[in-house]
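Peer 1: Got a predicted model here, sequence first, then my questions.
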Amino acid sequence: MAGVLSHHSGHSPAMRLTRVLVVVATAAAAVAIAPSPAFAIPSGDGWSGSWKYTGGSSVQVKLDVPGAKLVANGWDALGTRAFVLNVTDTVADGKCAYVKWTAAATTEHWSCGNGTTVQVAGLPTSTNAVTAVLCRDSLTHDNKTNCNVIDVPSSAADAFIRTEGNGAQWAYYDGYAGEDWGAWITIGDVHFDYFGWDDWPAGQRLIESYLTFLEPACGSGTVQSASPPATVSDCVDYDLSVSPPDTHVTGTAWGVGCTWSLRGVNPPHHCIKLRVPQPS
């Protein structure tokens, strides 16, 4: 176990600033020894993604990039889901908002014109996982840029996934002086949070993460895209937050949060995987 923190310390701006000070020495050392790639990671201002089960059978999916927005409202009937999509072009720049939605099949949708929202209903129901991609596109639909993506796991084989409150989200901060982005996975009473600084060193993403138990449970958290993966696992009967070592990744940052019961023999594991794409 790399570290133990009181759950009650939270993730206030003051704590985030403390984390910044803690990792400065690590990041500075990495800069000193790492080769300098020929590129830098673009700003992620305005990029975010989320999905969450909000109560009853409802699930909501959101994606944002500068100039485009997707809000998908869904209903989950014992693992069979239906969605209505709302695709919005938010900037008057002669471009369109583009969505590629993959569930039962792959469909494509556009909204063109500042403030224009196109609603897409009647999509086939599906028990599959969902992958949503949001981009900016030209009026001729042949120049997709600034593509963002999120994945929503299927709940057909694991009813626990559709528990109210379960979900995952990530967002870049706008003007915050600490880390560049944060990502949060909620799976039952276990939270796996990971936070990133882009270009520490240039072309890489420095990540630190925390696994928090809100109630007695077993859980694990892994920054899967790191080499080697940074992981922590524990079973506790009280509130606790633990953290694996800080790590670096290049490109997409994949995190996995899991939970399982303290009781029984080989209890089932419930897991959520979240990717934080690198802005383009």
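Peer 2: In hand now; what should we look at?
Peer 1: List the contacts of Cys147.
Peer 2: By C-beta atoms under 8 Å, 6 or more residues apart in numbering, Cys147 lies in contact with Val65, Val133, Leu134, Cys135, Pro277, Ser280. In short, each C-beta sits where N, CA and C put it, glycine included.
Peer 1: what about the fifth one, neighbour count?
Peer 2: Residues contacting Pro277 under the criterion other C-beta atoms under 10 Å number 17.
Peer 1: wouldn't it be in contact with Thr252 here?
Peer 2: Yes. Assessed by C-beta atoms under 8 Å, Pro277 is found in contact with Thr252 at 5.4 Å.
Peer 1: What is the helix or strand containing Tyr210 packed up against?
Peer 2: Secondary structure from DSSP states H and E places Tyr210 in strand 205-213. Judged by 3 or more C-beta pairs under 8 Å, 6 or more residues apart in numbering; DSSP states H and E, the packing partners of strand 205-213 are helix 13-33, strand 190-198, strand 217-223, strand 230-236, strand 240-243, strand 247-249, strand 253-260.
Peer 1: ok, back up a step: specify which member of the contacts of Cys147 is nearest to His191.
Peer 2: Of all the contacts of Cys147, Pro277 has the smallest distance to His191: 21.4 Å, by C-beta to C-beta.
Peer 1: where's the closest one relative to Gly182, distance?
Peer 2: 14 Å (C-beta to C-beta, to the nearest Å).
Peer 1: which SSE is the closest residue to Phe83 other than its chain neighbours in?
Peer 2: Counting by C-beta to C-beta, 6 or more residues apart in numbering, Gly74 is the residue found nearest to Phe83 once chain neighbours are left out, at 4.1 Å. Assessed by DSSP H and E, Gly74 sits inside strand 68-77.
Peer 1: That strand: what's the following helix or strand?
Peer 2: Next along the chain after strand 68-77, taking DSSP H and E as the criterion, comes strand 80-89.
Peer 1: Packing partners of that next one?
Peer 2: Secondary-structure packing of strand 80-89 (3+ C-beta pairs under 8 Å, 6+ apart): strand 68-77, strand 95-102, strand 106-112, strand 117-120.
Peer 1: Tell me which of those strands approaches Val242 most closely.
Peer 2: Closest of those to Val242 is strand 68-77, at 31.6 Å (criterion: C-beta to C-beta).
Peer 1: what's the angle from that closest one to strand 80-89?
Peer 2: In terms of direction (axes from the mean of the first three to the mean of the last three C-alpha atoms, to 10 degrees), strand 68-77 departs from strand 80-89 by 170 degrees.
Peer 1: Need the contact partners of stretch 100-118.
Peer 2: With contacts defined as C-beta under 8 Å, 6+ apart, stretch 100-118 is touched by 68, 72, 81, 83, 85-93, 95-99, 120, 123-126, 128-133, 135, 137, 139, 141.
Peer 1: circling back to that earlier point, which stretch in the helices and strands packed on strand 205-213 has the least confidence?
Peer 2: For those, mean pLDDT drops lowest on helix 13-33, to a mean of 33.
Peer 1: same question for the next helix or strand after it, mean pLDDT?
Peer 2: Next in sequence after helix 13-33, counting helices and strands by DSSP H and E, comes strand 48-55. Mean pLDDT, computed over strand 48-55, is 97.
Peer 1: picking that back up, now the angle between strand 230-236 and the strand holding Tyr210, please.
Peer 2: 10 degrees.
Peer 1: Please put the alpha-carbon coordinates of strand 205-213 into PDB.
Peer 2: Presented in PDB, the C-alpha positions along strand 205-213 are these (Å, rounded to 0.1, in the frame of the first residue of the first chain):
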ATOM      1  CA  ARG A 205       0.400  12.600 -18.300                       C
ATOM      2  CA  LEU A 206       1.300  12.400 -14.700                       C
ATOM      3  CA  ILE A 207      -1.500  10.600 -12.700                       C
ATOM      4  CA  GLU A 208      -2.100  10.200  -9.000                       C
ATOM      5  CA  SER A 209      -5.100   8.200  -7.800                       C
ATOM      6  CA  TYR A 210      -7.200   7.400  -4.700                       C
ATOM      7  CA  LEU A 211      -9.400   4.400  -3.700                       C
ATOM      8  CA  THR A 212     -12.000   5.400  -1.100                       C
ATOM      9  CA  PHE A 213     -14.300   3.200   0.900                       C
END
